[in-house]
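>>> okay, sequence plus prediction incoming.
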Amino acid sequence: MIFAANFKMNHTRASTQQYLNSLQKGLDSRDMQDDEVFVFPPSTALCSWNGSITIGAQNAYYQINGAYTGEIGLEQLQEFDIDTILIGHSERRSILGESQEFVSKKFQWFKEHNFRIIYCIGEPLELREKGDEAVAQFLWEQFNGIDINYDRLIVAYEPVWAIGTGLSAKSEQIANTHRELRKKISSPILYGGSVKPENVKEILSIENVDGVLVGSASLKADSFLEMIDKAK
Ligand code: PEP
């Protein structure tokens, strides 16, 4: 199973180090042979990590380096041996205005650099209210320009209305959506959106759910470890 923690704009460099130390200690004392754990800290807290945790970037620009004020690129990631990135997160699409064209350029570029890509998709509430068919059409459009056969792809289905709201999608909605995605996607498919210790076991028991992408409930190492224990 895959457990991914997205810190968003939370944690400092110092608190990330403390977190990683506690998480790694916790993981080392558990049987995690069949599992993968990712942590996506803010860019100021990126670091090399000598352990089973994979550190990934929440975002980067699709260049090696250059005149892109405020961005980080490949050179800054390589300094820490980072080859994993989140692309298409709904907060970047909606708050930072990333279009599908921009997202797909980023995807293509990081694919060419052989990155592990967690590619996020998810529908807004208006679409969910229209039913499964409308949701499916919307989600497939979010794959425009994306190579769904890329062998280092992980897809994360995150309904926008479930992110950070405490309101997770219902099991049936998750099951139907992941079944739809599985028609064309053979890579792992994660669910994200208000996953917490209380619901993680049920969510991970749904067919075609290969892991979870967690925001709020991942911010404390103990809570993230509790989720891992509940799931296993
Ligand atoms: C996320 O932003 O990827 C996420 C799933 O957030 P939360 O768990 O807080 O809903």
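Structure's in. What do you need? Numbers count the residues shown, from 1 in each chain.

>>> give me the residue from the chain nearest the ligand.
Taking CB to the nearest ligand atom, the ligand has its nearest neighbour within the chain at residue 215, 2.3 Å off. Every residue, glycine included, has its C-beta placed from N, CA and C.

>>> confidence score at the residue nearest to that residue when sequence neighbours are not counted?
The shortest distance from residue 215 to any non-neighbouring residue, by CB to CB, 6 or more residues apart in numbering, is to residue 6 (5.1 Å). Residue-level confidence at residue 6 comes out at 98, pLDDT.

>>> which residues are there in the protein that come within reach of the ligand?
Selection of the chain residues close to the ligand by CB under 6 Å from any ligand atom yields 6, 158, 163-164, 192-195, 213-217.

>>> just the buried ones among the residues you listed, please.
Those of the residues of the chain next to the ligand that meet the buried threshold are 6, 158, 163, 192-195, 213-217, by 16 or more other CB atoms under 10 Å.

>>> check those residues and tell me the two furthest apart.
Taking CB to CB as the measure, these reach their widest spread between 158 and 217, a distance of 13.7 Å.

>>> where does pLDDT dip in the chain?
The model of the chain has no residue with pLDDT under 70.

>>> how about the helices in it?
13-28, 74-78, 90-94, 100-112, 125-130, 132-141, 171-182, 200-204, 221-231 (DSSP state H).

>>> in JSON lines, list those helices along with mean neighbour count and distance to residue 2.
Shown next, in JSON lines, are those (neighbours: other CB atoms under 10 Å; distance: least, CB to CB, whole Å):
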{"stretch": "helix 13-28", "mean neighbour count": "16", "distance to residue 2": "13"}
{"stretch": "helix 74-78", "mean neighbour count": "17", "distance to residue 2": "20"}
{"stretch": "helix 90-94", "mean neighbour count": "18", "distance to residue 2": "19"}
{"stretch": "helix 100-112", "mean neighbour count": "17", "distance to residue 2": "18"}
{"stretch": "helix 125-130", "mean neighbour count": "14", "distance to residue 2": "24"}
{"stretch": "helix 132-141", "mean neighbour count": "15", "distance to residue 2": "19"}
{"stretch": "helix 171-182", "mean neighbour count": "18", "distance to residue 2": "14"}
{"stretch": "helix 200-204", "mean neighbour count": "19", "distance to residue 2": "10"}
{"stretch": "helix 221-231", "mean neighbour count": "18", "distance to residue 2": "10"}
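
>>> with distance to residue 45 added, can I get the ones you listed in CSV?
As requested, the helices of the chain are exported to CSV (distance: least, CB to CB, whole Å):
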stretch, distance to residue 45
helix 13-28, 4
helix 74-78, 13
helix 90-94, 18
helix 100-112, 20
helix 125-130, 32
helix 132-141, 31
helix 171-182, 31
helix 200-204, 24
helix 221-231, 14
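
>>> indicate which one of those helices is closest to residue 119.
Minimum separation from residue 119 across the helices of the chain (CB to CB) falls at helix 100-112, 6.5 Å.

>>> my guess is the residue of the chain closest to the ligand meets residue 11, correct?
No - the pair residue 215 and residue 11 does not pass the contact test of CB atoms under 8 Å, sitting 12.0 Å apart.

>>> rewinding a little: just the ones of the residues of the chain next to the ligand in strands?
6, 192, 213-214 (DSSP state E).

>>> residue 117: which of those residues is nearest?
Using CB to CB, those come closest to residue 117 at residue 213, 12.8 Å.
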